[in-house]
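J.: sequence plus predicted model, see below.
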Amino acid sequence: MTVARQVRVLVPAAEAELAADALWQAGAAAVEELPGQLLAGVADGGDLDALVAAVASRWPVEVVEVDLDGALDAWRPHARAVRVGRLVVRPPWVPRPAGPGVDVVVDPGRAFGHGAHPTTRLVLEQIDARVAGGERVLDVGCGSGVLAIAALALGASAAVAVDVDPEARAATRANAARNGVADRVAVLDDAGAVTGRFDLVVANMLLPDLAAVAPVLGRAVAPGAPVVVSGLLERQLDDLVAVAARAGLAPDRDPPARAEGWVALSLRAR
């Protein structure tokens, strides 16, 4: 059993979004909402005390030890198929629902990206709208590989998927094989190793990670092609636009897409 220390906040449902926003601003790497409470953690080297300070003046809070393996699997009994445009994204133990759709079967393992999170859905919507067939796609911070695999399932010719997490790279390779696209996706551990230009670039990452890879996104996108980013809270849009500008990218004319307080933004080279 892997044990991790997290912050538990007891919060009424009506104030959960407010508390979650405070935790994100304080540097939370993940926030899980449960009935009557939020659980928040930090990445390696993060400041757990900052999360406590961000919410302790308003809500009861404590630092607890949690079974990280159990927490990572907690979503599985509640998993469902998600329809996004032409796509049906589901884990392998959930039956395919009736009706048309391009089936994408993804088990994230210990990586992020089972298809139901609002940011994943927002980027899948953009992929569905932009992939017509034959595109080269770059997915930076690929997690389970769901975005790259969805693009390939819709007819993209090739994809490069990048993630520093070995669990994510393993999940991406396994899911690519599960969906019959392993021969069309290259999995890398370093965004700096990406070469060439791509017809569609996607990155579903938290803002500090987007800031770190923004120069790669700017170099990798083909002239006139879109860069679709998510992992952002609505209040972070202006910060993201500033980060993108330094990488030679500017917001597309399409307005940001929003879901449950999260935002996806399309960028193009200036």
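T.: Noted; the coordinates are in hand.
J.: go ahead and confirm V64 touches V9.
T.: No: look at V64 against V9 with C-beta atoms under 8 Å: they stay out of range, at 10.6 Å. Any C-beta I mention is one placed from the backbone N, CA and C, and that applies to glycine too.
J.: L267 contacts L249, doesn't it?
T.: Yes: using C-beta under 8 Å, L267 is in contact with L249, at 4.2 Å.
J.: for the helix or strand hosting A50, buried residues please.
T.: Assigned by DSSP states H and E, A50 belongs to helix 48-55. Residues 48, 51-52, 54-55 are the ones in helix 48-55 that count as buried (16 or more other C-beta atoms under 10 Å).
J.: quick one: the following helix or strand past that helix to helix 48-55, angle?
T.: Once helix 48-55 ends, the next helix or strand along the chain (criterion: DSSP H and E) is strand 61-67. Per axes from the mean of the first three to the mean of the last three C-alpha atoms, to 10 degrees, the angle that strand 61-67 makes with helix 48-55 is 140 degrees.
J.: and strand 61-67, which residues are buried?
T.: Buried residues in strand 61-67, counted by 16+ other C-beta under 10 Å: 61, 66.
J.: what lines up beside that strand in the sheet?
T.: strand 3-10 (antiparallel) (DSSP bridges).
J.: could you dump the strand it pairs with to CSV, C-alpha only?
T.: These are the backbone C-alpha positions of strand 3-10, laid out as CSV (Å, rounded to 0.1, in the frame of the first residue of the first chain):
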residue,chain,number,x,y,z
VAL,A,3,0.5,6.1,1.7
ALA,A,4,0.4,9.8,0.9
ARG,A,5,-0.4,12.9,3.0
GLN,A,6,-3.2,15.0,1.8
VAL,A,7,-5.4,17.9,3.0
ARG,A,8,-9.0,17.1,3.9
VAL,A,9,-11.4,20.0,3.9
LEU,A,10,-14.9,19.7,5.3
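J.: what does it contact?
T.: The contact list for strand 3-10 (C-beta atoms under 8 Å, 6 or more residues apart in numbering) reads 19, 23, 36-41, 48, 51-52, 55, 59-68, 71.
J.: cheers, nothing more for now.
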